[in-house]
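> Curious how this folds, go ahead:
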Amino acid sequence: MRERLESLLLVLAVGSVVAIGAKRIGVPYNVALVLMGLVLVVVDVLPNAPMDPEVILIAFLPVLVFEGALFADADSLRAASRPILALAVPGVLISLLGTAAVATLVLDLPFSAALLLGALLAITDTVSVLLAFRSVRVPHRLAAIMEGESLFNDGTALVLVVLASRVVASGTFDAVETFRALAMAMIGGAVLGVAFGAVGTALLRRTPDHLTAILASLVLVFATALLTERLHASPVIAVVVVGVVVGKAARRLLEPSRVLALEGFWETSGFALNVLLFLLVGMQIQADMLVREAASIGLALIALHAGRAVAVYGCFGVLRALTREVVPFRWQHVMLVGNIKGALSMAAVLSLPKDMPFRDRLITIVFGVTFVTLVAQALPFARLLKFLKVATPSTDAALDAAKATLIAARRGQAELDDLLAAGLVSRKEHAERRAAFQRRVIAAEAALQSPQGEAARDHLTDLALLTAQKAAVLDAARRGLIAGETANAQANELDREMVKLHTHEGGG
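Residues are numbered from 1 along each chain as shown. So this is what the prediction gives:
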């Protein structure tokens, strides 16, 4: 145990140094970690450490998925629900079949093994994409679609990996049983996620402080994953739904200090696990293996992108014909190139039974594709966003600072008013502190009301107002002040206005 702990600490120490350096020079830290892991194995500084797929799938994956879902904007995901579902369900199936069809022709694999390869390569790693989105400002709706797809894609793809591996192992394909298992896993995961999310929301409301709230959320995540798996549903989908539900409820019901503590814990946990995972990914890759199977890896990359292209352009073409919902072609190009593989694909292929036919070759191809996409697609992704003119010009830093100051000062004044009403501060202290906040408000408003501030005003203000109106209408219906049908009609009209804002933001 001591030796294992020392090895783990050594890997984490190396990973921390590499991640700090990568962030300082503006390189995606996951790419830097994979490259460093490969280099350290080649020069024999670190051993080629085995990556236990069970630990990753059972212990790491729930944390990473919940962390991503907790930070997601539930309203933005709902507004982009149709494109997200189009990519996460039929899109994954189409990508799997397209990849399998090309792989059968060019890789000389049986169709069952090609299906399994397609399922393994349908799993996306969006760490690189989200890192690029944070460094380069992109349209809000595009970020919501890709974030939502990443959250639900993994659950669908992992279910398909399990089903495809059964077909390869048995040599038979029962269409009815396969689709029944797929539907049960996905629908069951979503239903159980809603149920656990409701339990988690009630539990968090009753926690007395941020420490018990963090502990309760940790228990909730693993209880959801383990119990959902025992019921043969998708634990990934269930944890995603729990994260979205709990995240929205926490921001609405809990005080800001507890929300910040909760988000801080999960952000730190997710970052630490990502550092460990991507360094371990690099330590799995063998340079001689990449050279030996270079042709197969290149052909698999062609199959992967062909299947993804059919899924993206096909699904959004059908969506536009059926619902008239437009996803700009430039965004679709981003989704095609943003199809980057990562640690989860490698963990899934390593979890295949050791006696499964074609296992060694599948491992080699998936490892090679993961390495190439991380290096060749993730590194230049931010520049691609600018080349496709998807990245929006950044706003004036001084105006952004004025907005932040105004938001913080207004919130501070509201909190002071609440403390005064509760008798926790004196009227003198309240007046002095409120006056200090008011001076910040006046200075910030002066900056925002300048000609530059007026010119920099963008769609986010309108979007915030529409979201607030919708929340007020739905709250009035819940309190019985207006009829439910009236509220739904008004909410649908507000949703249409939000969709128009997003479409205008994307360039039509």
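> Determine the three-state secondary structure at Cys315.
helix (DSSP: H, G, I helix; E, B strand; the rest coil).
> Next one: the closest residue to it other than its chain neighbours from Ala447, what distance?
Closest residue to Cys315 apart from its sequence neighbours, by C-beta to C-beta, 6 or more residues apart in numbering: Ala86 at 4.4 Å. From N, CA and C alone the C-beta is placed, and that goes for glycine too. Ala86 sits 42 Å away from Ala447, going by C-beta to C-beta, to the nearest Å.
> These two: who's more crowded?
Per other C-beta atoms under 10 Å, whichever of Ala86 and Ala447 has more neighbours is Ala86, with 24 against 17.
> just the helices in the stretch 151-300 of the chain please.
175-205, 210-230, 235-253, 256-284, 287-292, 294-323 (DSSP state H, counting those that start in this stretch).
> among those, which is nearest Leu352?
Nearest to Leu352, of all the helices of the stretch 151-300 of the chain, is helix 256-284, at 14.4 Å by C-beta to C-beta.
> Show me what that closest one is packed against.
Under the contact definition 3 or more C-beta pairs under 8 Å, 6 or more residues apart in numbering; DSSP states H and E, helix 256-284 sits against helix 2-25, helix 29-42, helix 61-70, helix 210-230, helix 235-253, helix 343-350.
> Take those helices and write them to CSV, including mean neighbour count.
Output for the helices and strands packed on helix 256-284, formatted as CSV (neighbours: other C-beta atoms under 10 Å):
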stretch, mean neighbour count
helix 2-25, 13
helix 29-42, 22
helix 61-70, 24
helix 210-230, 18
helix 235-253, 24
helix 343-350, 25
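> JSON lines please, covering the ones you listed and showing mean pLDDT and distance to Leu260.
Formatted as JSON lines, those follow (pLDDT from 0 to 100; distance: least, C-beta to C-beta, whole Å):
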{"stretch": "helix 2-25", "mean pLDDT": "78", "distance to Leu260": "21"}
{"stretch": "helix 29-42", "mean pLDDT": "76", "distance to Leu260": "23"}
{"stretch": "helix 61-70", "mean pLDDT": "84", "distance to Leu260": "12"}
{"stretch": "helix 210-230", "mean pLDDT": "91", "distance to Leu260": "8"}
{"stretch": "helix 235-253", "mean pLDDT": "88", "distance to Leu260": "10"}
{"stretch": "helix 343-350", "mean pLDDT": "78", "distance to Leu260": "28"}
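> Looking at those, spot the one closest to Cys315.
helix 235-253 (18.9 Å).
> which helices and strands does the closest one pack with?
helix 61-70, helix 74-79, helix 140-170, helix 175-205, helix 210-230, helix 256-284.
> my read: Val369 touches Leu299, true?
No: the criterion here is C-beta atoms under 8 Å, and Val369 misses it with Leu299 at 10.3 Å.
> out of these two, which sits in the more crowded spot?
Each of Val369 and Leu299 has its neighbours counted (other C-beta under 10 Å); Val369 has more, 24 against 18.
> quick one on the thing from earlier: relative to Val425, which of the helices and strands packed on helix 256-284 is closest?
Per C-beta to C-beta, nearest to Val425 of those: helix 210-230, 22.0 Å.
> Next, the angle helix 175-205 makes with that closest one.
Comparing the axes of helix 210-230 and helix 175-205 via axes from the mean of the first three to the mean of the last three C-alpha atoms, to 10 degrees yields an angle of 160 degrees.
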